[in-house]
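Engineer: have a look at this prediction, sequence included:
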Amino acid sequence: MTGWYAGTGWGTWLVMVLVMVAFWTLVVVGIVALLRWTAAPRTAAPRTAAPPPAAPRQGAADAGGRPAPDAARALLDERLARGDIDEAEYRSRLATLRSRA
């Protein structure tokens, strides 16, 4: 005597269980994707850190062709730090720069 199962075996039950698991997995993944999409910031470009300020170029010049005071001072500071000039020469050249500016 067959019941309301109509003679289906374990294969049909196994397929039904797999389909049910796949369905609920898709529902959960869809909800998570929807939440992430709605919570995402709406920016045109990704946020990045600001670039560091540019150091004065060696040989930078003003409109008259003279070295710019900031660039000349940076070069003078660098030469003192490297040991190319001593402190007395540094102060002398710094005074010269200040008198021209």
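Structural biologist: Now that the structure is in, tell me what you want to look at.

Engineer: quick one: list the elements packing against the helix or strand hosting residue 70.
Structural biologist: Per DSSP states H and E: residue 70 is located in helix 69-82. The contact analysis (3 or more Cβ pairs under 8 Å, 6 or more residues apart in numbering; DSSP states H and E) places helix 69-82 against helix 87-100. All C-beta atoms are positioned from the backbone trio N, CA, C, and that covers glycine.

Engineer: and the angle for the helix it packs on with helix 69-82?
Structural biologist: Interaxial angle of helix 87-100 relative to helix 69-82 (axes from the mean of the first three to the mean of the last three Cα atoms, to 10 degrees): 180 degrees.

Engineer: what's helix 87-100 packed up against?
Structural biologist: Counting contacts by 3+ Cβ pairs under 8 Å, 6+ apart, helix 87-100 is packed against helix 69-82.

Engineer: show me what counts as buried in the helix it packs on.
Structural biologist: Of all the residues in helix 69-82, those buried under the rule 16 or more other Cβ atoms under 10 Å are 71-76, 80.

Engineer: got it, and stretch 24-39?
Structural biologist: Under 16+ other Cβ under 10 Å, stretch 24-39 has no buried positions.

Engineer: could you do stretch 12-21 as well?
Structural biologist: Within stretch 12-21, no residue counts as buried by 16+ other Cβ under 10 Å.

Engineer: distance of residue 32 from residue 39?
Structural biologist: According to Cβ to Cβ, to the nearest Å, residue 32 stands 11 Å off from residue 39.

Engineer: what touches both of the two?
Structural biologist: Counting by Cβ atoms under 8 Å, 6 or more residues apart in numbering, no residue touches both residue 32 and residue 39.

Engineer: and the buried residues of helix 69-82 as CSV, adding distance to residue 95 and pLDDT?
Structural biologist: Formatted as CSV, those follow (distance: Cβ to Cβ, whole Å; pLDDT from 0 to 100):
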residue, distance to residue 95, pLDDT
71, 18, 82
72, 13, 83
73, 12, 86
74, 17, 88
75, 16, 88
76, 11, 89
80, 14, 90
